[in-house]
Structure formats: structure tokens, C-alpha cells
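Undergrad: predicted model and sequence follow; I will ask about them next.
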Protein chains: 2
Amino acid sequence: MQPQKKGGQEMGNRFEVVAFDGDDTLWHNESLYQRAQQELAGMLAGYADGEMVMSELYQTEMRNLPTYGYGIKSFALSMIETAIRLSSGRISGAEIERIIALAREMLTTGVRLLEYVEGVIGTLAERYPLMLITKGDLRDQRAKLAESGLAGAFQYVEVVTEKDTGVYQRLLNRIGVRPTRFIMVGNSLRSDVLPVVELGGKAVYVPYHLTWEHEAVADAHAEHDGYYELDDLRQLPALLRHLEEENE
Amino acid sequence: MQPQKKGGQEMGNRFEVVAFDGDDTLWHNESLYQRAQQELAGMLAGYADGEMVMSELYQTEMRNLPTYGYGIKSFALSMIETAIRLSSGRISGAEIERIIALAREMLTTGVRLLEYVEGVIGTLAERYPLMLITKGDLRDQRAKLAESGLAGAFQYVEVVTEKDTGVYQRLLNRIGVRPTRFIMVGNSLRSDVLPVVELGGKAVYVPYHLTWEHEAVADAHAEHDGYYELDDLRQLPALLRHLEEENE
């Protein structure tokens, strides 16, 4: 939304814009959903086991996705539908109110940044114009960014309904940046990495919630299938320095 | 989202961009909500009279607005909450499913354009770059535009969370258009007219659902309080011609 203040081009950088995904790249998101799902499973324990609840909820969400789209309100409606179906309509009004309250808690809960995010974003914002490209509900995502304390660091903020090559191309056209001078960082291969690589841009894959600890990060600067993989965002400034030097 | 194809400036127009609101300016929206409300009132007839249902629903919506924002999914959650409260939790699972089905119908119902919209938008798109500026759910609004058949006519599409002077100013900065060369058309004095007038732009107020018929539109070109008021969109091309001539 903001007018361009300073371009990476003027600053002699290889990358004119460094872009980030939001959910589960900058701040926790999936964990909120998982907590709510566990509460729902507890509430429906008299009707179905946990696995059945998860499976039914997932199927309901997938069925509703074309109509509802992403976001917490869509999730709430799918939880209510699942609760009614699995209880054969015996779920009480008070329990449905509790499901609505869960959604409201998700919407109003504080944004929790992932580790290293604050420092890394602060550091990179000094060298690059940063862009946030996130899917989901426009209002929810803007509220999260405002609450994250990171809003001032992002020169561009884009909330989109899908993240495919067409969308990335349009965003790049609009700001007049060629894909080769664009790098995208995110936790989703499908949304953050592959479409950008397909356009000829660079991408950094930072999976959410690594369940094991890598001993070394020796290959962090190695490119596999056109993108880089990092354990966490802490390694990003070094990767960018490496890529800038490579270009000189 | 699209790159600029041709500017009103190059075409020698007073207005470089003509912008429109969507809901209840280009397509019907409020009538969808009213139909759903009437169904809800029917469903709750055993618990409360129609007026009480409307009042309770409205209060619930207003209370939820800061958390939920606008849109059909927010409305659905408020309807469910209202039904549970007014029935003291006695509403059945099947009835709540019916409320969810109402929301789904609203989300999937065909977009119905207001009268004259298609012709007027087609005519104006030949002379001006057109912009859609609409509040609400990003996904819902994009789907409505796609379904309306009007998407090709709009060079700029902006879905925003609020329409205040700050938002209009940022949109205009981004496309490099001064407020004096911008005109906004919509059915809301608060969102479409007053903030634009405050910035020094022109605005055209086209109220939704006039319940009476004006005999004459003799004063359609008269400016009151900095904006113009039209009975319907059919009069817009003539008003724009008048304003362009005034400027010559």
C-alpha cells in the first residue's frame, strides 16, 4: 500500500525486494488451529474418537474451502458443522457457543513471532525494501501485522487469495521488479517456493516446526532444485550476503 | 493488480481514474442479507418476535464487528450466536445447519448487477481507467467481481478493510493520481463520498434502492456539499461529460 521509499536497485543490491510469507514464517499460526482442534476433539469425545474428529473436520474444511476460503471464520463454521454432524445434532447450544468462543480467542490472541524474526527483519529492512505476501483474510492478516510490531519494516503488504505464478507475476509487474531480482522466503513449498522459482526468482524454504535438530547448517548456501532451505530465519542474512557476493 | 494500460491523463481527461464501490453500487448485496435475516426470524418465531430477532442480531453483529470484520462468514457466526441466545440454547443442530446453509447460499448465489451497470461501466471503460474500491472479504469480493462479468473493465481492483481518507490517500499515491483528478462513485456517504471530498476529490452519491421515483433529474449536475447525487448509474456518463466540459 505504501509508496516506494527507496529501491533495492538504487542501493546496488542483487535483490530489489525481499519478500516474506506471514503465517508460520514470521508468526505462529498452525499451532492456534491445532489447539482449537484438540478442544473440539475433547468436546466431541462422547460421540467420536479424536482421530475421527480430526478426519471429519479436515474433510469438512476441504469441502468448504472453495466456498469459504481460508481463515479463522471459515474454520469456525467448519468446526460447528463437524460438531453437529458427529453428534447427530445432539451437540448443545452451549457447546456451539464454546466453539464460537474458540474462534474468537483465535482472532484476538496475541501474535507470537517465531524465533529470530524480529532481529532478522530489522536487519534486512536496513538493506532491502521488504514485502509481506500472505494468503488469507485481509482483515485478519492486517491486524496480525499491526500487532506483530513489524508493520513499519515492510514497504509492501499484499494479502492475496492464492499464491501462484500469475499472482507473483502481477505483484512484480506492479512494482516494476524482474523475477531475477526478487527473493521470496516462506514455509510452504507450494505457495512460497515453487511458483517463484518457476518465474525465475529465488526462493528460501524455511519449514515450520522442525521436529529434529540439524547438527550443522553447512549446506545452507547450497541451492537444491532452484531454492535454498534454512532451518530458521537466523541464517537468512548470511544467505543473502552470500548471494549478493556471488553476484559481484 | 493490473499494470496501467492507458492513463486518463494521456487521454486529456479531467479525471485520471473513475472509481466505483461494489456492494449495492454495482451489484446487489444488502438484499441478500435481508432475505437471510427474514429466514432467521422465521426460524426463531417460537422464541422471539421478528423485531426482537432483528434487534438482537444487529447488536450481536455490532459487538462482533471489531473482531470479525465485515462479510458473510462474520454474519453467519453472528446469526448462530443470536439463535442460540434467543432460544436459550434450545435451537436444534438441524436449525444451526440451516443457518450455515443460508450463509453458503449467500456465498454461492449469483451476483445480480444493479440496473444500467453493465452499459454504463462498458461506456466509461472506453474513456477512463476504472477502479473498484470495495470493503469486505478479499476472497468474496474477488469472486463477485469475477462472476459479475465486469472484471475486464476495471484496471485497478482494491479490496480494503476500511474506506477512510488515509486509505484513499494511499491508493491515490500508489497510482500517482492527485485527488482533484479522481472521482469516486458509491452508495455510502460515509465510505464513498465524504472521505474523497475531504481529500479534495469529486464524489458521486448513488443511494441504493430509492423507494420513490423522482420525476425529474434536473439538478443531477448540481453539486451539494462537494458531491453529486444521482438516482441511478444511468445518469453518470452525462454527469462526467458535464464535468469534463466544465473544465475545458
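TA: Yes, it's here.
Undergrad: ok so A:Tyr228 is a helix residue?
TA: No: counting by DSSP: H, G, I helix; E, B strand; the rest coil, one finds A:Tyr228 to be strand, located in no helix.
Undergrad: how close does it sit to chain B?
TA: 28 Å (Cβ to the nearest Cβ, to the nearest Å). The C-beta positions use only the backbone N, C-alpha and C, and glycine is treated the same way.
Undergrad: same check, this time on A:Val204
TA: Taking Cβ to the nearest Cβ, one finds A:Val204 at 25 Å from chain B.
Undergrad: looking at it, that residue is touching A:Tyr227, isn't it?
TA: Yes: using Cβ atoms under 8 Å, A:Val204 is in contact with A:Tyr227, at 6.7 Å.
Undergrad: which stretches of chain A form helices?
TA: Taking DSSP state H to define them, one finds helices in chain A at A:30-43, A:50-68, A:72-86, A:93-108, A:117-127, A:138-148, A:165-175, A:194-199, A:236-247.
Undergrad: shaky segments in chain A?
TA: Scanning chain A for pLDDT under 70 picks out the ranges A:1-11, A:210-222, A:224, A:248.
Undergrad: apart from its chain neighbours, what residue comes closest to the residue of it most remote from its centre?
TA: Here chain A reaches farthest from its C-alpha mean at A:Arg90, the gap being 36.2 Å by Cα atoms, centre = their mean. The shortest distance from A:Arg90 to any non-neighbouring residue, by Cβ to Cβ, 6 or more residues apart in numbering or on different chains, is to B:Gly93 (6.8 Å).
Undergrad: kindly report the same for A:Ile72.
TA: In space, and not counting its chain neighbours, A:Ile72 is closest to A:Met106: 4.9 Å by Cβ to Cβ, 6+ apart.
Undergrad: can you count the residues close to the one you found?
TA: 20 (other Cβ atoms under 10 Å in any protein chain shown).
Undergrad: residues contacting it?
TA: Contact analysis of A:Met106 by Cβ atoms under 8 Å, 6 or more residues apart in numbering or on different chains lists A:Leu32, A:Tyr33, A:Ala36, A:Ile72, A:Phe75.
Undergrad: again, 7 Å this time
TA: Residues near A:Met106 by Cβ atoms under 7 Å, 6 or more residues apart in numbering or on different chains: A:Leu32, A:Ala36, A:Ile72.
Undergrad: ok, the nearest residue to A:Lys73 once chain neighbours are set aside - how many residues close by?
TA: Taking Cβ to Cβ, 6+ apart, and ignoring the residues beside it in sequence, A:Lys73 has B:Lys73 as its nearest neighbour in space, at 4.0 Å. Neighbouring residues of B:Lys73 were enumerated by other Cβ under 10 Å; the total is 27.
Undergrad: tell me who's in contact with B:Lys73.
TA: B:Lys73 touches A:Tyr68, A:Lys73, A:Ser74, A:Leu77, B:Ala103, B:Asp137, counting by Cβ under 7 Å, 6+ apart.
Undergrad: starting from B:Ile99, give me the distance back to it.
TA: Separation of B:Lys73 from B:Ile99 (Cβ to Cβ, to the nearest Å) stands at 12 Å.
Undergrad: now A:Arg190
TA: Taking Cβ to Cβ, one finds A:Arg190 at 34 Å from B:Ile99.
Undergrad: higher neighbour count, those two?
TA: Set side by side, A:Arg190 and B:Ile99 show more neighbours around B:Ile99, with 23 against 10, by other Cβ under 10 Å.
Undergrad: list the contacts for that one?
TA: Counting by Cβ under 7 Å, 6+ apart, the residues that B:Ile99 touches are B:Leu40, B:Ala76, B:Met79, B:Ile80, B:Ala83.
Undergrad: what does chain A have sitting close to chain B?
TA: Applying Cβ under 7 Å from any Cβ of the partner chain, we find that chain A lies next to chain B at A:1-3, A:67-69, A:73-74, A:76-77, A:80-81, A:84, A:87, A:89-94, A:96-97, A:100, A:104, A:107-108, A:137-139, A:142, A:159, A:161, A:170, A:173-174.
Undergrad: which of those residues are buried, as a ChimeraX select command?
TA: Of these, the buried ones go into a single ChimeraX selection, burial set by 16 or more other Cβ atoms under 10 Å in any protein chain shown:
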select /A:1,67,68,69,73,74,76,77,80,81,84,87,91,92,93,96,100,104,107,137,138,139,142,159,161,174
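Undergrad: quick revisit: by neighbour count, which of the contacts of A:Met106 wins?
TA: The most crowded member of the contacts of A:Met106, judged by other Cβ under 10 Å, is A:Ile72 (24 neighbours).
Undergrad: ok, back up a step: and the residue farthest from the centre of chain A, its phi and psi?
TA: Main-chain torsions, A:Arg90, degrees, to the nearest 10: phi -90, psi -10.
Undergrad: B:Ile96 versus that one, what's the distance?
TA: Noted for A:Arg90: a distance of 12 Å to B:Ile96, by Cβ to Cβ.
Undergrad: and the end-to-end length of stretch A:190-204?
TA: Terminal residues of stretch A:190-204 lie 12 Å apart, using Cα to Cα, to the nearest Å.
Undergrad: how about that stretch: buried residues?
TA: Buried positions in stretch A:190-204, judged by neighbour count with 16+ other Cβ under 10 Å: A:Ser191, A:Asp192, A:Val193, A:Leu194, A:Pro195, A:Val196, A:Val197, A:Leu199, A:Gly201, A:Lys202, A:Ala203, A:Val204.
Undergrad: swap in stretch A:116-129?
TA: Buried positions in stretch A:116-129, judged by neighbour count with 16+ other Cβ under 10 Å: A:Val117, A:Glu118, A:Val120, A:Ile121, A:Leu124, A:Ala125, A:Arg127, A:Tyr128, A:Pro129.
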